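K.L.:
Dropping a prediction and its sequence here:
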Amino acid sequence: MSGHNMKKIYLYSRFERFWHWTQSILIMLLMITGLEVHGVFTLFGFEKAVDLHNTLGISWLVLFVFIIFWLLTTGEWKQYIPTSKKLFDVAMYYASGIFKGEEHPVHKSKDAKHNPLQRLVYLGLSAILLPLQMVTGLLYWTYNDWAAYGLDFLSLNVVANVHMACAYALLAFLVVHIYMTTTGHNITAHIAAMFSGWEEVPEDYKAEEWEVHEK
Amino acid sequence: MRLMRNSVLLLLAVVFLGASAFAAGDTAPGREMARQATKGKELWITADHSKFDALKQPFKSGPEVTKACLTCHTEAGHQFHKTIHWTWLDPKAEKELKVGKGGLVVNNFCINIQSNEPRCTSCHAGYGWKNKDFDFSSQEKIDCLVCHEQTGTYKKFPAGAGNPAPPPGKKFKGNGKFYAAPEWNKVAQSVGRPTRKNCGTCHFYGGGGDGVKHGDLDSSMLKPAKTLDVHMGMDGQNFACTRCHSTVKHDIAGRIYSTPAATERKSLLEDDLGSKIMCESCHSARPHKSELGMKLNDHTDKLACQSCHIPTFARELPTKMWWDWSAAGKKKDGKPYVEKGEWGKPVYMTKKGDMRWEKNVVPEYYWFNGTIDTITAQTTIDPTKPVQVSKAVGSIEDKNSRIMPFKVHRGMTPYDKVNKNIVIPHLFGKDKDAYWKGYNWENAVAYGMKYAGLPFSGEVGFVETEYVYPTTHMVAPKENAVACEECHSKQGRLDKMTCFYMPGRDASAIVDAGGWFVVLASVVGVILHALGRIFIKGRKED
């Protein structure tokens, strides 16, 4: 990216940064307490871990409702519309181009914050993995009321294992996600942007038409 | 500064002196006499039995006292005759099955009372049940005193068939203790509502010694601290047995063989059912109040309160956990002997074989609906595996079942190798056939089985047996309850109960292995990717 003059654009609004970081803290704490409940290690003690996990889980659910509301009312949900255009290019960039110092095939802009690969991953995350994790978590939590809800056909074994499988998937995502923050034009650029809201992008770059949707 | 220190010292001195004056005053004879003068006998009833003419007769025996009792308590005899304390038979079981310790039920302690009556029936609330001829219709044979006397001096002779020692008293060889003959008038005039001591006289010493049988009932429950039993603790609620084991017409509430203490889980808070004893009767099904308690309350549908609130039993005195009859009969220098182990308890007796005692025992857990299945000497057994002489009834599918803690007493018990049933040995007696005289199993069993009217092939073997006791006393204060991770962990207390998914214990090996593989692959992937970026970029800059 050395061939460009860089400019700073305000990419992430205050609420967006708030929900991102709050959610990240919640998920990491849920991960720690959840793995303890699963018997992987001992930190808080089972009783405290369960209590924390439940409280954190409900907090996350409340936050998630606000996030969805925000996405819908601001039209930001359109940032997550999947596309196959340049998807292969982006994948190829991370597979080889990045080692050769090539330029990223898609740049961030106010109208298109996510590249096609990000769109796909984040959509899958927020539309499938996270809701599934929340639903199974909620079911797990309300185990004793299943009969009253007419949910007796459920098996705790299945619900718990789906919840666990989602947790592993989330943990794997977290590893890659955190690593990917280092692939900006310098190691901390993406993380800094997620704190300040300001991202550095090439001065002359304008999002392509296919990237932008009317909000 | 010095003034302040001095005044503090002065204050301390005054407090100290005052306290010691108090302590001294407590034993001062004047104070003691004043107390005696003002504090009479505390009566909770409207009658003082010491003033009854009927009890001032010159009694010479128990039945005479009973006769006197019945002159006022005209219905007590009929009532008592119907209870298990008299019949020693399960009131709900069919008569022919002879379920009950007075029938053919066997345990893996001294097995059965048939032909051993004089030794066993010292705990019967009656006088003179020494053989099959005992008259169960006689009201005078009821022993009112053992449950109602309050002097604490009344003792039945351990081998007296329910009778106290005759005057002037008698020494019992079994424990070397002297048993005084009762002062009949004194004990008769003392009667009142049964105390822990009355109930404990038999129930703490089941199996012939302190804590032998139950593990959650022994003499430490006479004056327990709150930490031993939160309900009975002298420094706590100080409940007597009768506080929970409420009684209607001499019928005392409790679990009997296949009869649960209560068939329905009901709270006294919701519905007044005084004679049904359960934890829930007072505490309700949602007893935990704190925020964390919400999850604990969710457990009450599947877990008996006892499972968490009785972390261990036999917390102060040891209880017998293993009894191997097959090792009995060994002698030293031609004489029977006793070898004592830890806590001064016998670990070997020529009479009884090997035994093991344990303290602070972690219970075993089973699904339990309040009933226990027992076998009798007529039940056909499978000697190739441990025989469940008694077992908890219940399952995860049964709505009335919950997980309950048990003491399981194991041992090697004599059985008929041909007919495949537990046998009744004639243990006690002065005749040569009695095992404790002749030390010959075949003779003892032949005698016992003939006495009970049962067939015997002549071949005695020994089979491993299990006997279960639901653990329900020695309820610890909540601070000492079983911690969550005692069960919610690998190799926890409920390790053997694999019929359900338990968080913290159970996991799908596939999900876990697959999950960690994906996570690990991600970590390795990003590390390789990062190394690639560093090295390839670095080479380019060269």
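P.N.:
Sure, I can see it. Keep in mind it's a predicted model, so treat the numbers as computed, not measured.

K.L.:
make it CA atoms for all contacts and neighbour counts henceforth
P.N.:
OK.

K.L.:
so where's the chain shaky on pLDDT?
P.N.:
Just going to use chain A. A:1-4, A:205, A:207-215 (pLDDT under 70).

K.L.:
look at chain B instead
P.N.:
Within chain B, the ranges that satisfy pLDDT under 70 run B:1-44, B:266-276, B:292, B:537-542.

K.L.:
Close to chain A: what parts of it are there?
P.N.:
Residues of chain B lying close to chain A (Cα under 8 Å from any Cα of the partner chain) are B:292, B:298, B:483-485, B:488-490, B:500-501, B:503-508, B:511-512, B:515-516, B:518-520, B:522-523, B:526, B:532-533, B:536-537.

K.L.:
separation between residue A:158 and residue A:136?
P.N.:
9 Å (Cα to Cα, to the nearest Å).

K.L.:
do the same with residue B:525
P.N.:
Relative to residue A:136, residue B:525 is positioned 29 Å away (Cα to Cα).

K.L.:
When those two are compared, which one has more neighbours?
P.N.:
residue A:136 (21 against 14; other Cα atoms under 10 Å in any protein chain shown).

K.L.:
is it true that that one touches residue A:165?
P.N.:
No - between residue A:136 and residue A:165 there is no contact under Cα atoms under 8 Å: 10.7 Å.

K.L.:
Any idea how far apart the tips of stretch B:216-229 sit?
P.N.:
10 Å.

K.L.:
Now find how far off-centre it is within its chain.
P.N.:
11 Å (Cα atoms, centre = their mean, to the nearest Å).

K.L.:
who touches that stretch?
P.N.:
Applying Cα atoms under 8 Å, 6 or more residues apart in numbering or on different chains, the external contacts of stretch B:216-229 come out as B:196-197, B:200, B:203-205, B:210-211, B:232-236, B:313-317, B:471-477.

K.L.:
Could you turn the buried ones of those residues into a ChimeraX selection?
P.N.:
Buried subset of these, written as a ChimeraX selection, criterion 16 or more other Cα atoms under 10 Å in any protein chain shown:
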select /B:196,197,200,203,204,205,210,211,232,233,234,313,314,315,316,317,471,472,473,474,475,476,477
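
K.L.:
from the contacts of stretch B:216-229, which ones fall inside helices?
P.N.:
B:196, B:197, B:200, B:203 (DSSP state H).

K.L.:
Let's have these in JSON lines, adding distance to residue A:107.
P.N.:
Below are the ones in helices among the contacts of stretch B:216-229 laid out as JSON lines (distance: Cα to Cα, whole Å):
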{"residue": "B:196", "distance to residue A:107": "84"}
{"residue": "B:197", "distance to residue A:107": "87"}
{"residue": "B:200", "distance to residue A:107": "85"}
{"residue": "B:203", "distance to residue A:107": "84"}
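
K.L.:
Select the longest helix from chain B.
P.N.:
As assigned by DSSP H, the longest helix anywhere in chain B is helix B:509-541.

K.L.:
how about that helix: buried residues?
P.N.:
B:511, B:515, B:516, B:518, B:519, B:522, B:523, B:526, B:529, B:530, B:532, B:533.

K.L.:
so how far is the lengthiest strand in chain B from its chain's centroid?
P.N.:
Using DSSP state E to define each element, chain B has its longest strand at strand B:402-416. Remark: strand B:402-416 is offset 14 Å from the chain centroid, using Cα atoms, centre = their mean.

K.L.:
and that strand, C-alpha only, in CSV?
P.N.:
What follows is strand B:402-416, C-alpha atoms only, in CSV (Å, rounded to 0.1, in the frame of the first residue of the first chain):
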residue,chain,number,x,y,z
ARG,B,402,-35.2,-38.8,43.2
ILE,B,403,-31.6,-39.4,43.7
MET,B,404,-31.0,-40.4,47.3
PRO,B,405,-27.9,-41.0,49.4
PHE,B,406,-27.5,-44.5,50.9
LYS,B,407,-25.3,-46.4,53.3
VAL,B,408,-24.5,-49.7,51.6
HIS,B,409,-23.5,-52.4,54.0
ARG,B,410,-21.7,-55.2,52.2
GLY,B,411,-20.6,-58.6,53.4
MET,B,412,-20.3,-62.3,52.9
THR,B,413,-23.5,-64.0,54.1
PRO,B,414,-24.3,-67.7,54.4
TYR,B,415,-26.6,-69.2,51.8
ASP,B,416,-27.9,-72.6,50.7
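
K.L.:
Check the gap between residue A:132 and chain B for me.
P.N.:
16 Å (Cα to the nearest Cα, to the nearest Å).

K.L.:
Chain B contacts on chain A?
P.N.:
Looking at chain B, the residues of chain A close enough under Cα under 8 Å from any Cα are A:36-39, A:45-47, A:51, A:98-101, A:144, A:156-157, A:161, A:164-165, A:168-169, A:171-172, A:175-176, A:179.

K.L.:
Name only those of those residues that count as buried.
P.N.:
Buried among the residues of chain A next to chain B (16+ other Cα under 10 Å): A:36-39, A:46-47, A:51, A:98-99, A:144, A:156-157, A:161, A:164-165, A:168-169, A:171-172, A:175-176, A:179.

K.L.:
Residue A:52 contacts residue A:34, doesn't it?
P.N.:
No - between residue A:52 and residue A:34 there is no contact under Cα under 8 Å: 9.2 Å.

K.L.:
what's the helix or strand in which residue A:72 is found packed up against?
P.N.:
Residue A:72 is located in helix A:46-74, with elements delineated by DSSP states H and E. With contacts taken as 3 or more Cα pairs under 8 Å, 6 or more residues apart in numbering or on different chains; DSSP states H and E, helix A:46-74 sits against helix A:14-37, helix A:130-141.

K.L.:
burial of the residue lying closest to residue A:31 once chain neighbours are set aside, as a residue count?
P.N.:
Nearest residue to residue A:31 in three dimensions, chain neighbours excluded: residue A:167, at 7.2 Å (Cα to Cα, 6 or more residues apart in numbering or on different chains). Look at residue A:167: counted by other Cα under 10 Å, it has 21 neighbours.

K.L.:
all strands in the stretch 251-400 of chain B, in order from the N-terminus.
P.N.:
Per DSSP state E, counting those that start in this stretch, the stretch 251-400 of chain B carries strands over the ranges B:251-252, B:319-324, B:338-340, B:346-349, B:353-358, B:364-368, B:372-374, B:387-388, B:390-392.

K.L.:
Parallel or antiparallel, which strands does the fourth one pair with?
P.N.:
Spelled out, that is strand B:346-349. strand B:338-340 (antiparallel), strand B:353-358 (antiparallel) (DSSP bridges).

K.L.:
Tell me the buried residues in the shortest one?
P.N.:
Spelled out, it's strand B:338-340. Buried-residue list, strand B:338-340, by 16+ other Cα under 10 Å: residue B:338.

K.L.:
now what about it, what contacts it?
P.N.:
B:346, B:347, B:348, B:349, B:350.

K.L.:
rerun at 10 Å
P.N.:
B:331, B:332, B:345, B:346, B:347, B:348, B:349, B:350, B:351, B:352, B:353, B:354 (Cα atoms under 10 Å, 6 or more residues apart in numbering or on different chains).

K.L.:
Contacts only, for the first one.
P.N.:
Residue B:331 is in contact with B:337, B:338, B:349, B:350, B:351, counting by Cα under 10 Å, 6+ apart.

K.L.:
The first one: how many residues sit nearby?
P.N.:
Looking back up the chat, that one is residue B:337. Count around residue B:337 with other Cα under 10 Å applied: 14.

K.L.:
Would you point out which residue of the stretch 301-450 of chain B is nearest chain A?
P.N.:
Of all residues in the stretch 301-450 of chain B, residue B:301 sits closest to chain A, at 8.6 Å by Cα to the nearest Cα.

K.L.:
how many neighbours does that residue have?
P.N.:
Count around residue B:301 with other Cα under 10 Å applied: 17.

K.L.:
can you pull out the strands in the stretch 101-250 of chain B?
P.N.:
B:170-172, B:177-179, B:247-248.
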